[in-house]
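K.L.:
the amino acid sequence is not available; the structure is as follows:
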């Protein structure tokens, strides 16, 4: 199934653009599976993950405009056509 992933701010450059469509397995894939597919280099993995399979606490992830924390976190199931947004910390002044 196809999932649209949007990267904001500094993640756009790291992931090669603002938006990607990713093919994931249709058999119960979740946010963690998607992140593992996306983080196919040490630089990407270091930016998104801690030393475990847990995303860094400051990385915000949304599924169809809802924060995954309000769903099932990284175990939130994916469905055809979902839009996932990955947001790094943003500081302003």
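P.N.:
Everything's here; your move. Predicted model, so just to flag it, every value in this text is computed and none were measured. Numbering: from 1, shown residues only.
K.L.:
for residue 57, helix, strand, or coil?
P.N.:
coil (DSSP: H, G, I helix; E, B strand; the rest coil).
K.L.:
ok, it to residue 88 distance?
P.N.:
According to CB to CB, to the nearest Å, residue 57 and residue 88 sit 12 Å apart. C-beta coordinates here come from the backbone N, C-alpha and C atoms, glycine included.
K.L.:
between these two, which one's more packed in?
P.N.:
Taking neighbours as other CB atoms under 10 Å, residue 57 and residue 88 compare with residue 88 leading, 18 against 8.
K.L.:
can you map out the helices along the protein?
P.N.:
11-14, 31-38, 42-48 (DSSP state H).
K.L.:
could you double-check that residue 12 sits in contact with residue 18?
P.N.:
Yes. Between residue 12 and residue 18 there is a contact at 4.9 Å, judged by CB atoms under 8 Å.
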